[in-house]
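Asker: Output the structure for:
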Amino acid sequence: MDQLFGIVERITFQNEENGFTVAKLKSPRKSDLVTIVGTFPGLQPGESLRCVGKWKVNASHGMQFEVETYHLEAPSDLIGIQKYLESGLIKGIGPKYAKRIVEAFGLQTLDILDTTPERLLSISGIGKKRAENIISCWQAQKLIRKVMLFLSRYQISPSYAQKLYKIYGDECIEVLQENPFVIAKQIPGIGFKKADAIAEKMGIAKTAFQRIDSAIEFLLLECAESGHTCFPKEKLLTKAAELLTIDPECIIERLLVLTAEGVIVEKNEEAGGNRIWLKGLHLCELGIARELKRIAEGRSPLRKIDTQRAIDWVEEKLRIKLAPQQKAGVASSCEEKIHILTGGPGTGKSTITKAILTITKTLTRGIILAAPTGRAAKRMQEITNYSASTIHSLLSYDFIQKKFRKNHDNPLECDLIIIDEASMIDTPLMYHLLKAIPSKARLIFVGDVNQLPSVGPGNVLKDLINSLIFPVTALTEIFRQAAGSQIITNAHRINRGEFPFLKPFPRSDFFFIKAETAEEVLNTVIDLVCVRLPKKYHFDPIEKIQVLSPMKRGKIGTQNLNLSLQEKLNPKNEPIFHGGARFAVGDKVMQMRNNYQKEIYNGDIGKILHIDREEQELTLSFDKKEILYTFYELDELSLAYATSIHKYQGSESPCIVIPIHTDHFMMLQRNLLYTGVTRGKKLVVLVGTPKAIAIAIANESADQRETGLCKELTQL
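Answerer: From the prediction side, this is the model:
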């Protein structure tokens with residue numbers, strides 16, 4: 001083994017998920033900077049490293065020093081201290097203030113920050129507020145480094161240290177030592193197995209109640225992430241026994257205790273055997289059924305109308321001719337308290353919505369239009385020329401109470417509410433929405449039940465239809481204008497289990513490009529997005545083209561596609577690294593979970609406008625609205641040059657490119673392909689093999705979700 005000592009000049013790359021780092025080291029014995037590679041959680045420029053490892057020649061990057069072990073020292077000279085402070089480690093200290101601080105305090109700088117940080121107030125430009133921020137951040141970073149070292153003892157990624165500190169603060173390590181299983185619930189990415197590894201090394205017994213309870217809750221949360229609201233008891237026991245490697249009787253005993261404590265709910269489903277719910281999801285399903293019954297039984301204040309005359313009038317008013325199915329949908333929506341309108345693209349859902357809206361506007365001004373996503377709400381507004389909002393903003397989140405402001409006690413004021421893209425609404429959101437709807441209101445759900453179900457748990461729209469409780473208008477006729485689109489024709493063929501027409505006709509809006517290997521698919525997708533489609537159709541490759549992939553991993557999964565497309569479309573801007581991802585000004589990004597405070601929600605797509613390293617902040621644009629993010633919040637974002645079909649539900653793009661290959665065998669499903677194709681407004685391009693398309697079309701049994709809503713509805 002060789003030894004190497006030096007000062008970290010800069011970080012070239014850092015994967016915060018595992019700590020893998022590529023850095024440049026200034027060694028006293030070397031005239032040029034040395035490239036070092038290894039696992040250095042939290043490494044910062046300016047720090048001194050004593051490394052043990054070996055020299056190797058990398059085919060692409062030349063000579064590198066691969067570090068096996070290292071010893072970290074605080075920077076000890078003025079240049080090192082300045083680099084350390086200006087690295088972006090401490091919010092509020094950039095190059096300008098780092099230079100002033102070091103000039104004032106010299107080699108004592110770090111000691112002063114540790115012991116008498118109030119002396120920062122003597123530095124020109126540093127006022128009380130900036131000094132408080134610097135002191136707070138300095139103390140936090142010291143503790144975060146301790147948490148990193150604590151986690152590394154248990155082979156847990158150091159990237160979780162900041163997230164844990166954000167939740168538990170100064171008591172972080174004490175909380176972990178007391179009950180390591182709490183982190184499996186609190187921190188996305190730390191599953192039960194990682195928490196269990198810590199617990200085992202701490203000597204927590206395999207049959208400890210907190211270990212069994214955590215495993216049960218973890219498995220039920222994992223089921224919820226897969227779309228289930230409940231799970232068969234026998235299957236849950238099997239999974240828990242495999243995970244815990246203990247006697248199943250111990251698990252059964254804890255299930256009884258958790259049921260008695262109200263953490264879970266167990267119910268007999270007759271032929272389906274016993275099922276188990278997390279209490280929250282069970283209450284949501286029960287609540288949905290009760291709220292729908294309340295609304296259905298409520299009396300509408302709207303006067304009764306002659307629906308046939310109203311339909312004749314609206315046809316003349318809008319200069320349209322409604323088909324029999326559409327007339328039935330309009331009539332039922334004007335007569336029933338709750339109505340469901342479902343159908344594929346080109347079947348006239350938007351036309352019916354406009355007709356219902358036009359008729360109802362003559363009766364009341366109390367009309368609300370809403371959709372699950374911002375893009376769906378915007379499209380609804382454009383089609384109807386009537387104000388529409390997202391469901392989240394409609395319900396108005398209270399950050400102090402941590403709940404929606406609109407509810408039973410403070411309901412929405414409306415006589416009619418129309419909800420578009422209803423297939424996207426998961427069980428908890430549907431429950432909160434229904435609680436806020438007054439009993440007097442008429443309620444219309446509009447959606448395509450054949451699309452993918454919600455990202456969150458449940459299959460609400462399908463369960464509502466299958467319950468046979470509420471009137472449903474199922475639109476099947478494709479209208480002449482839509483029939484001219486090969487996107488719509490092929491979408492319906494896919495939905496019926498028929499192979500799509502792959503040979504394009506003149507001015508076609510649907511193309512298939514054959515590519516046999518995953519490598520060929522990748523290269524073709526990149527060429528289409530970056531060169532061919534912008535050249536032929538004048539589509540902006542970032543704004544107007546969206547790549548949708550069935551999977552996250554693999555050569556043609558969203559992760560690799562994003563890296564490849566980012567390298568081609570936005571290669572030069574100085575990036576920052578977070579969680580293994582590279583972010584730069586100009587990057588297209590997606591919000592990965594609801595952020596009520598920013599009013600940005602899961603699936604929203606934005607663009608990075610500015611990065612402030614000194615203040616550790618980014619400015620992003622979401623639908624022309626500028627939003628500020630801190631570096632700590634970057635785990636809420638993902639690159640979005642390519643995204644999953646599931647995440648893109650409710651959105652549309654002028655051009656959609658879908659890689660479809662047998663590498664994605666496990667995810668090839670009919671409703672997945674159908675949903676992806678229907679996201680394209682002007683052009684859809686499939687790249688891959690006919691075999692993969694055939695597999696997807698044949699697979700209609702996938703994504704069967706375990707839910708209890710249908711039974712709750714039929715029992716009321």
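
Asker: Surely residue 556 is within a helix?
Answerer: No. Counting by DSSP: H, G, I helix; E, B strand; the rest coil, residue 556 is located in no helix; its state is coil.

Asker: ok, now which ones touch residue 10?
Answerer: Residue 10 sits next to 23, 24, 45 when contact means CB atoms under 8 Å, 6 or more residues apart in numbering. (Each C-beta comes from the backbone N, C-alpha and C, glycine too.)

Asker: For the nearest residue to residue 549 once chain neighbours are set aside, give me the pLDDT.
Answerer: Setting aside the residues directly before and after it, residue 549 is nearest to residue 558 in space (CB to CB, 6 or more residues apart in numbering), at 4.9 Å. The per-residue pLDDT reported for residue 558 equals 93.

Asker: how many neighbours does residue 558 have?
Answerer: 26 (other CB atoms under 10 Å).

Asker: So it sits against residue 648, correct?
Answerer: No. Here residue 558 does not reach residue 648: they are 10.4 Å apart, not a contact under CB atoms under 8 Å.

Asker: that older thread, ok, now which ones touch the residue nearest to residue 549?
Answerer: 549, 551, 552, 642, 643, 644.

Asker: Identify the farthest-apart pair in these.
Answerer: The most widely separated members of the contacts of residue 558, counting by CB to CB, are 551 and 643 (11.4 Å).

Asker: Those two: who's more crowded?
Answerer: residue 643 (25 against 19).

Asker: contacting residues around the residue nearest to residue 20 when sequence neighbours are not counted?
Answerer: Spatial nearest neighbour of residue 20, chain neighbours left out: residue 39 (5.6 Å); criterion: CB to CB, 6+ apart. The contact partners of residue 39, taken as CB under 8 Å, 6+ apart, are 18, 19, 20, 21, 67.

Asker: Neighbour-wise, which one of these leads?
Answerer: residue 21 leads the contacts of residue 39 on contacts (other CB under 10 Å) with 22 neighbours.

Asker: before we move on, back to that, distance to residue 526 and secondary structure added to the contacts of residue 39, as TSV?
Answerer: Below are the contacts of residue 39 laid out as TSV (distance: CB to CB, whole Å; DSSP: H, G, I helix; E, B strand; the rest coil):
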residue	distance to residue 526	secondary structure
18	27	coil
19	30	coil
20	25	strand
21	28	strand
67	34	strand
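
Asker: just these now: which is nearest residue 356?
Answerer: Closest to residue 356, out of all of the contacts of residue 39 and judged by CB to CB, is residue 18, at 53.8 Å.

Asker: what about stretch 96-115, start to end distance?
Answerer: 23 Å (CA to CA, to the nearest Å).

Asker: for stretch 164-177, that is, sorry about that
Answerer: End residues of stretch 164-177 are separated by 13 Å (CA to CA).

Asker: buried set for it?
Answerer: By neighbour count with 16 or more other CB atoms under 10 Å, stretch 164-177 contains the buried residues 164, 165, 168, 172, 173, 175, 176.

Asker: In strands, which of the contacts of residue 558 appear?
Answerer: The members of those that map onto strands under DSSP state E are 549, 642, 643, 644.

Asker: now, among those, which is nearest to residue 677?
Answerer: When the ones in strands among the contacts of residue 558 are compared against residue 677 (criterion: CB to CB), the nearest one is residue 549, at 13.7 Å.

Asker: thought that closest one was touching residue 642?
Answerer: Yes. Between residue 549 and residue 642 there is a contact at 5.5 Å, judged by CB under 8 Å.

Asker: Common neighbours of the two, please.
Answerer: By CB under 8 Å, 6+ apart, the residues touching both residue 549 and residue 642 are 558, 561.

Asker: for residue 80, what are its contacts?
Answerer: 7, 46, 47, 48.

Asker: Where do the helices of the stretch 151-300 of the chain begin and end?
Answerer: 160-168, 172-178, 182-186, 192-201, 209-225, 233-244, 248-260, 279-297 (DSSP state H, counting those that start in this stretch).

Asker: I meant to write the stretch 601-716 of the chain there.
Answerer: According to DSSP H, counting those that start in this stretch, the helices that the stretch 601-716 of the chain contains are 670-677, 690-698, 709-715.

Asker: The second one packs against which elements?
Answerer: It refers to helix 690-698. If contacts are counted by 3 or more CB pairs under 8 Å, 6 or more residues apart in numbering; DSSP states H and E, helix 690-698 sits against strand 510-514, strand 653-660, helix 670-677.
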